[in-house]
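Trainee: sequence isn't available, so here's the structure alone:
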């Protein structure tokens, strides 16, 4: 076939023909091959990355003869394996040969008429050039497109219970996009630059075609649910198998003994199979069940060789997610036993977590904080020699060019500083420890103050607020939507707080447009009818006006007096409002921070509702904090800042989460691309033609003229208006009102649209230079659309042909993956990890965070609050501090670069490994490594052994353990052992072999090999750990 090419080592290959083949098949010439579909020519060497292959290949030519072929790593560019032959297939579905180009031109003109003078797709294909997205017109390049049904005409079709729904949903989505493009094509104006859509039927099987394709085939449909009996219904009697997730979570239960007992029970009546994804995982499981005394298991590579119906226990290579039980046959999957494997198909949530981890990756030059030595600069990974063996360490630079090498197994001692600039600490000066001790005392004060505020709030009395039943029912019934379960739960939480007789301080976290405002309205209704005044405070005048309109509409007809207060209110109205608040005439006042001004006094303030608190300044936050002690406080946010979320997570404030989207709410479709006038024109016109409006948001006021020029020249059909924060108050108000009233199609604005703006008809969002925004900002801005039942679209555009920073690129990718509804809480958690606890009690903490960095400050505060709450703080000892044992066994401790070439990935694995301690966790980690990178080398095996020894050392209080062929020396943390009597017992038990010397325990053993040393060091640490934890003898007679 002309569309494939095989390169065998030792054969003659014409280089020019190879190059022509690669170009025709859609490969892109580059200088360094890193991505699928790229190739590079360098003299007698050709690098090619075949699509669908595990990695790129390097062809080494001697003249025209292929002398060698090998696969290499695209990151390190190093050889991975030698190959005898390589097969190449097309990169693109479109092969731009002469026949295909002719067919495309003919079909394009038949479908759309004469091509316009500005039709980049038609021009590119006519010239034989690739064009991004040309696969959408695949049907134009071929006489007929064939489906899988055409290739396998007599195959049995198997469907699961979700096939029909998913197929119809997908077809609806395709039709939706086609209709939108068709609407744009049919619009009047400058249309010659619009991409012309091909009919979905040219690319996809529609419902009728799909049903027709399976109508004359045998179809088997699987369902996990019981079905009504009938002639075509067969009960296979298969049931879901057991999952050991609860055993994995509990220290007190042995996972492997539970597995042993379960297998024993199953084998009485069943043939038992343990399914593994890979050889490595199977070998691990084989060893584990052998340790449990099961010695008759048989390993099989091929499921087809299983002797069915003959009993026994088999470990089979079988990529199965979940086990099951059928009559006489039971299957346990690797994931049932060890937990999720990365080899299984990642779910979207998993993908988002991966992006989050990548954003947090440590880069050379980053400022970091070592808990024992302070602020330093990370200078990369370095391999040093310790006791004659290689050991991977993180190189840290301190003041005066001092260097510290942190063993990778202790990477958890490192945290991100959080600021780009800072003074490096001096190694060994004692200044860091003094600074940390001072901060520890301050953090304890802060934590106690926090807990005191929470305790005092619980002790204080507040009026019991209850609404009259009949009026409450009438008010609730006027809500025009069906409440979600989360919304009802949040409302009930708030009502319970108001009826409890103590000041409420509740944070309601809800994704944008998920109904937080209704929760606030219900609370305000209860408070107002109980005779208390309500203040609703918003960060912007726009948001305040919007809330006022919503409240006024919702409260109409009830005996409640509402008034607005912001800079948009006239002086006369503002004075009248102040007087009404003072004398009690006004029940609910909705405004900006003007409500916090000195001249404002309430006669009987009972409830304070704060919307998007993170946008207030420090001074206003202090004022709000002071008000909290006296009144009920309800805080609403779509993206909780770390400060508010941190307080909630540490139990200082109550938390309600609304994560369920409203009925009929659709997820926002998000696209990331370079600024493309054609796509954006199409998006804006599509929105206009379906009766909607669009936002066009820019990062800077200086960007506005460029967008204005683009709209004037490229999209003259739309009416647009510009809004930004530097406009006079009245003018900004007029412009926003005009857009709100539908007089304009597009609002071009700066980030003033970020907070809470609610325009249900606006359902297309274009964010210009999205790489210049922060993650939370992007999320909030995108949340301005998709507020109604209509499908919303968001376009994140970047500067054409300008590279983004890796962090910006990852931010945009992350946002694109968070298109599932209710993802805001995940985003907030990420923000919390990125920026730390923030300003919990006010400005004083900013300096503290600057001293030790966000992550360390956050963990210290969280730990202290937890200990105060549990009553542990009084007995806090040095052992509770964050520290890590130093272990030197004279064995290699590293993940070799040849095993995992990617540096960031190695660091991520080291960080993950440093948090593991239990055997089951390490076994799961090992199986994952084998799946991803192949057989584990000796250095990684010893690294994992050192991690287990380290966890035992931590429990025993061992600060340093050095081991060699003749034994070990042990030094305890701060020369303190938790159970001195137990230590005496240990030395007595090893009489003649163990002695105390210079505050160290010296133990003589014969450990000639690495294996002996590792096994012996673990046993030694475990023995001391058990004695350290043994009950101390407190009998006074002893």
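Mentor: Nice, thanks for sending it over. Remember, predicted model here, so these are calculated numbers, not experimental data.

Trainee: what about the helices in the stretch 401-550 of the chain?
Mentor: Ranges of helices in the stretch 401-550 of the chain, per DSSP state H, counting those that start in this stretch, are 431-459, 469-477, 485-499, 516-529, 541-555.

Trainee: return the most buried member of these.
Mentor: Of all the helices of the stretch 401-550 of the chain, helix 516-529 has the most neighbours on average by mean count of other Cβ atoms under 10 Å, namely a mean of 24. To be clear about C-beta, it is placed using only N, CA and C from the backbone, and glycine gets the same treatment.

Trainee: specify the angle between that one and helix 485-499 in degrees.
Mentor: 20 degrees (axes from the mean of the first three to the mean of the last three Cα atoms, to 10 degrees).

Trainee: which other helices and strands contact helix 516-529?
Mentor: Under the contact criterion of 3 or more Cβ pairs under 8 Å, 6 or more residues apart in numbering; DSSP states H and E, helix 516-529 touches helix 469-477, helix 485-499, strand 505-510, strand 533-537, helix 541-555, strand 605-611, strand 632-637, strand 654-658.

Trainee: where in the stretch 401-550 of the chain is pLDDT low?
Mentor: 418-421, 446-447, 450-451, 453-454, 457, 480-482, 511-512 (pLDDT under 70).

Trainee: next: the stretch 701-850 of the chain.
Mentor: Looking along the stretch 701-850 of the chain with the criterion set at pLDDT under 70, you get 729, 754-757, 776, 788-789, 801, 806-807, 810, 813-814, 817-850.

Trainee: show me where it has helices.
Mentor: 704-714, 729-740, 775-782, 806-817, 824-835, 844-852.

Trainee: picking that back up, output the helices and strands packed on helix 516-529 in CSV; the columns should cover distance to residue 134.
Mentor: Output for the helices and strands packed on helix 516-529, formatted as CSV (distance: least, Cβ to Cβ, whole Å):
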stretch, distance to residue 134
helix 469-477, 55
helix 485-499, 44
strand 505-510, 42
strand 533-537, 53
helix 541-555, 43
strand 605-611, 47
strand 632-637, 44
strand 654-658, 43
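
Trainee: how about these, which one is nearest residue 684?
Mentor: Closest approach to residue 684 among these (Cβ to Cβ): helix 541-555, 22.3 Å.

Trainee: contact partners of that closest one?
Mentor: Residues from elsewhere that reach helix 541-555 (Cβ atoms under 8 Å, 6 or more residues apart in numbering): 478, 517, 521, 524-525, 536, 538, 562, 564-568, 588, 590-592, 611-612, 729, 733, 736, 752, 755-758.

Trainee: figure out which of the helices of the stretch 401-550 of the chain is closest to residue 990.
Mentor: Per Cβ to Cβ, nearest to residue 990 of these: helix 431-459, 35.0 Å.

Trainee: hey, where'd the helices end up in the stretch 551-700 of the chain?
Mentor: 571-583, 618-628, 642-649, 677-689.

Trainee: how about those helices in a markdown table, adding distance to residue 284 and mean pLDDT?
Mentor: Converted to a markdown table, the helices of the stretch 551-700 of the chain look like this (distance: least, Cβ to Cβ, whole Å; pLDDT from 0 to 100):
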| stretch | distance to residue 284 | mean pLDDT |
| --- | --- | --- |
| helix 571-583 | 70 | 92 |
| helix 618-628 | 53 | 71 |
| helix 642-649 | 36 | 46 |
| helix 677-689 | 49 | 86 |
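
Trainee: just put the ones you listed in JSON lines and tack on mean neighbour count.
Mentor: Shown next, in JSON lines, are those (neighbours: other Cβ atoms under 10 Å):
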{"stretch": "helix 571-583", "mean neighbour count": "15"}
{"stretch": "helix 618-628", "mean neighbour count": "15"}
{"stretch": "helix 642-649", "mean neighbour count": "22"}
{"stretch": "helix 677-689", "mean neighbour count": "21"}
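
Trainee: which of the three states applies to the nearest residue to residue 968 once chain neighbours are set aside?
Mentor: By the measure of Cβ to Cβ, 6 or more residues apart in numbering, the closest residue to residue 968 outside its immediate chain neighbours is residue 1003, 5.2 Å from it. When classified by DSSP: H, G, I helix; E, B strand; the rest coil, residue 1003 comes out as strand.

Trainee: and residue 1003, bridged to which residues?
Mentor: Going by DSSP bridges, residue 1003 is paired in beta bridges with residue 968, residue 994.

Trainee: and it, how many neighbours does it have?
Mentor: A count of nearby residues for residue 1003, using other Cβ atoms under 10 Å, gives 20.

Trainee: dump the residue contacts of it.
Mentor: By Cβ under 8 Å, 6+ apart, the neighbours of residue 1003 are 967-970, 990, 993-994, 1020.

Trainee: go again with 6 Å.
Mentor: 967-968, 994 (Cβ atoms under 6 Å, 6 or more residues apart in numbering).

Trainee: is it true that residue 26 touches residue 93?
Mentor: No. Contact criterion Cβ atoms under 6 Å: residue 26 and residue 93 do not qualify, at 8.7 Å.

Trainee: give me the more crowded residue out of those two.
Mentor: residue 26 (17 against 12).

Trainee: just confirm that one is within a helix.
Mentor: No. Assessed with three-state DSSP, residue 26 is coil; it does not lie in a helix.

Trainee: quick one, domains of the protein?
Mentor: What automatic domain parsing lists as the domains of the chain is 5-88, 239-338, 484-658, 669-820, 886-1029.

Trainee: re the thing from before, how about the helices of the stretch 551-700 of the chain, which one is nearest residue 379?
Mentor: Residue 379 sits nearest to helix 642-649 of all these, at 28.5 Å, using Cβ to Cβ.

Trainee: first-to-last residue distance for stretch 230-244?
Mentor: 36 Å (Cα to Cα, to the nearest Å).

Trainee: which residues are contacting that stretch?
Mentor: 227, 255, 323-327, 336-337.

Trainee: buried residues in it?
Mentor: Residues of stretch 230-244 classed as buried: 241-244 (neighbour count, 16 or more other Cβ atoms under 10 Å).

Trainee: please work out the average pLDDT along that stretch.
Mentor: On average, the pLDDT along stretch 230-244 is 79.

Trainee: ditto for stretch 602-610
Mentor: 91.

Trainee: count of residues packed around residue 129?
Mentor: The burial count for residue 129: 11, using other Cβ under 10 Å.

Trainee: and it, what's its pLDDT?
Mentor: So residue 129 comes in at 78 (pLDDT).

Trainee: that one sits in which helix or strand?
Mentor: If you go by DSSP states H and E, residue 129 is not part of any helix or strand.

Trainee: do residue 391 as well
Mentor: Applying DSSP H and E, one finds residue 391 within strand 389-397.

Trainee: format the contacts of stretch 230-244 as CSV; extra columns: distance to residue 573.
Mentor: What follows is these, written out as CSV (distance: Cβ to Cβ, whole Å):
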residue, distance to residue 573
227, 67
255, 69
323, 70
324, 70
325, 73
326, 76
327, 80
336, 67
337, 70
